[in-house]
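>>> Sequence isn't available, so here's the structure alone:
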């Protein structure tokens, strides 16, 4: 995880978050900035996290979804 300096856009390391699986391959943030989805290729899962708007901390939402060998997460408009 990284913190972003709003004045310079510089990134600073701010910690680590488990993706709740093996070999994270891809992640995406939904258009509202509320959720992050992480694809775990070697554990056949996609984990969902809620993003805290104030701190950026991630909180797991439910159990990871079973998906055969996910390699990419994309957000599509409905």
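Arrived safely. Predicted, not measured: the structure shown is a model, and the values here were computed from it.
>>> can you pull the contacts of residue 64?
Taking C-beta atoms under 8 Å, 6 or more residues apart in numbering, we find residue 64 in contact with 20-21, 40, 43, 45-48. For every residue, glycine as well, the C-beta is placed using N, CA and C.
>>> Quick one: those residues as TSV, columns for secondary structure, distance to residue 14 and neighbour count too.
What follows is the contacts of residue 64, written out as TSV (DSSP: H, G, I helix; E, B strand; the rest coil; distance: C-beta to C-beta, whole Å; neighbours: other C-beta atoms under 10 Å):
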residue	secondary structure	distance to residue 14	neighbour count
20	coil	19	17
21	coil	21	19
40	strand	22	23
43	helix	25	19
45	strand	25	20
46	strand	23	21
47	strand	19	24
48	strand	21	18
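>>> Would you mind measuring the gap between the ends of stretch 53-64?
22 Å (C-alpha to C-alpha, to the nearest Å).
>>> re the thing from before, tell me which two in the contacts of residue 64 are the farthest apart.
Checked with C-beta to C-beta, the contacts of residue 64 reach their widest spread between 43 and 48, with 14.5 Å between them.
>>> before we move on, the earlier item: format the contacts of residue 64 as a markdown table; extra columns: pLDDT and distance to residue 66.
Shown next, in a markdown table, are the contacts of residue 64 (pLDDT from 0 to 100; distance: C-beta to C-beta, whole Å):
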| residue | pLDDT | distance to residue 66 |
| --- | --- | --- |
| 20 | 93 | 12 |
| 21 | 89 | 11 |
| 40 | 95 | 10 |
| 43 | 94 | 9 |
| 45 | 96 | 6 |
| 46 | 95 | 9 |
| 47 | 96 | 11 |
| 48 | 97 | 13 |
